[in-house]
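Trainee: what's the 3D shape of this:
(2 chains)
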Amino acid sequence: AQTVTQSQPEMSVQEAETVTLSCTYDTSESDYYLFWYKQPPSRQMILVIRQEAYKQQNATENRFSVNFQKAAKSFSLKISDSQLGDAAMYFCAYKGNQGGKLIFGQGTELSVKP
Amino acid sequence: DGGITQSPKYLFRKEGQNVTLSCEQNLNHDAMYWYRQDPGQGLRLIYYSQIVNDFQKGDIAEGYSVSREKKESFPLTVTSAQKNPTAFYLCASSMAGRSYGYTFGSGTRLTVV
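Mentor: Residues are numbered from 1 along each chain as shown, chains lettered A, B, ... in the order given. The predicted structure follows:
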């Protein structure tokens, strides 16, 4: 069975600085998708970024980018120029061939200091 | 605007009661999902449905039941058999296919009183 692990329960970053959130996963599949979701205090889940396993190029969305290392099964999220609004719980998620199910990590709570 | 609506936002259940959480979407998505969120445990899958009149158990289905009589609706019933139902419940929907992420509802906070 696939698993997703986020080893950092909490992270902190200074406003305008850069922070990287870690995620590792375990799978025997070769074709899959990986996602990062943001859950602010409102608890509304928001899709941040998506990466296809077959694409070598790392995905980017404005200040958000990923470092996807397929062989190492690592999928980290980099947030540049951190803003107060980035403070949230961040979840890494995996989607393979099992009925469209998203498998989530435990989450990393990011705080942003002014 | 298209979206996914969960109601109520807050729900209180007495011991031994069944309660039903509503989830409705107007995105024309085929698949719908129910997750439970507890502190430090991420999101755990309760039930999911890929087509009308069909659904599958997730990782923590015991004490829960669902129905999918319409494409737009996927209600979750928390039965009295669920011994620890206090949690935040999230409903999501998705187009079919691996490349699609989920659209989430705003959640229901269930508390046992």
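Trainee: tell me the predicted confidence for the closest residue to chain B within chain A.
Mentor: Nearest residue of chain A to chain B (Cβ to the nearest Cβ) works out as A:Met45 at 3.8 Å. The way it works is simple: take the backbone N, C-alpha and C, and place the C-beta from them, glycine included. Note on A:Met45: pLDDT of 95.
Trainee: does it touch A:Gln39 like I think?
Mentor: Yes: look at A:Met45 against A:Gln39 with Cβ atoms under 8 Å: they come within range, at 5.3 Å.
Trainee: mind listing the strands for chain B?
Mentor: Under the criterion DSSP state E, chain B carries strands at the ranges B:4-7, B:10-13, B:19-25, B:31-37, B:43-51, B:54-57, B:64-66, B:76-78, B:87-94, B:103-104, B:108-112.
Trainee: report the buried residues of stretch A:15-24.
Mentor: By neighbour count with 16 or more other Cβ atoms under 10 Å in any protein chain shown, stretch A:15-24 contains the buried residues A:Val19, A:Leu21, A:Ser22, A:Cys23, A:Thr24.
Trainee: pipe the residues you listed into JSON lines and attach pLDDT, distance to B:Gly101 and secondary structure per row.
Mentor: Converted to JSON lines, these look like this (pLDDT from 0 to 100; distance: Cβ to Cβ, whole Å; DSSP: H, G, I helix; E, B strand; the rest coil):
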{"residue": "A:Val19", "pLDDT": "98", "distance to B:Gly101": "22", "secondary structure": "strand"}
{"residue": "A:Leu21", "pLDDT": "98", "distance to B:Gly101": "17", "secondary structure": "strand"}
{"residue": "A:Ser22", "pLDDT": "98", "distance to B:Gly101": "20", "secondary structure": "coil"}
{"residue": "A:Cys23", "pLDDT": "98", "distance to B:Gly101": "15", "secondary structure": "coil"}
{"residue": "A:Thr24", "pLDDT": "98", "distance to B:Gly101": "20", "secondary structure": "strand"}
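Trainee: now for these, which pair is the farthest apart?
Mentor: A:Val19 and A:Thr24 (17.4 Å; Cβ to Cβ).
Trainee: deepest of the strands of chain B, which one?
Mentor: For the strands of chain B, ranked by mean neighbour count under the definition mean count of other Cβ atoms under 10 Å in any protein chain shown, the leader is strand B:31-37 at a mean of 25.
Trainee: state the distance from the residue in chain B positioned nearest to chain A to A:Ala87.
Mentor: Closest residue of chain B to chain A, Cβ to the nearest Cβ: B:Phe104 (3.8 Å). Going from B:Phe104 to A:Ala87 by Cβ to Cβ, to the nearest Å gives 19 Å.
Trainee: next one: B:Leu27
Mentor: As it turns out, when the distance is counted by Cβ to Cβ, B:Leu27 lies 28 Å from A:Ala87.
Trainee: residues from chain B in reach of chain A?
Mentor: With Cβ under 8 Å from any Cβ of the partner chain as the criterion, chain B meets chain A at residues B:31, B:33, B:35, B:40-45, B:48, B:50, B:56, B:58, B:88, B:90, B:92, B:94, B:96-102, B:104, B:106-107.
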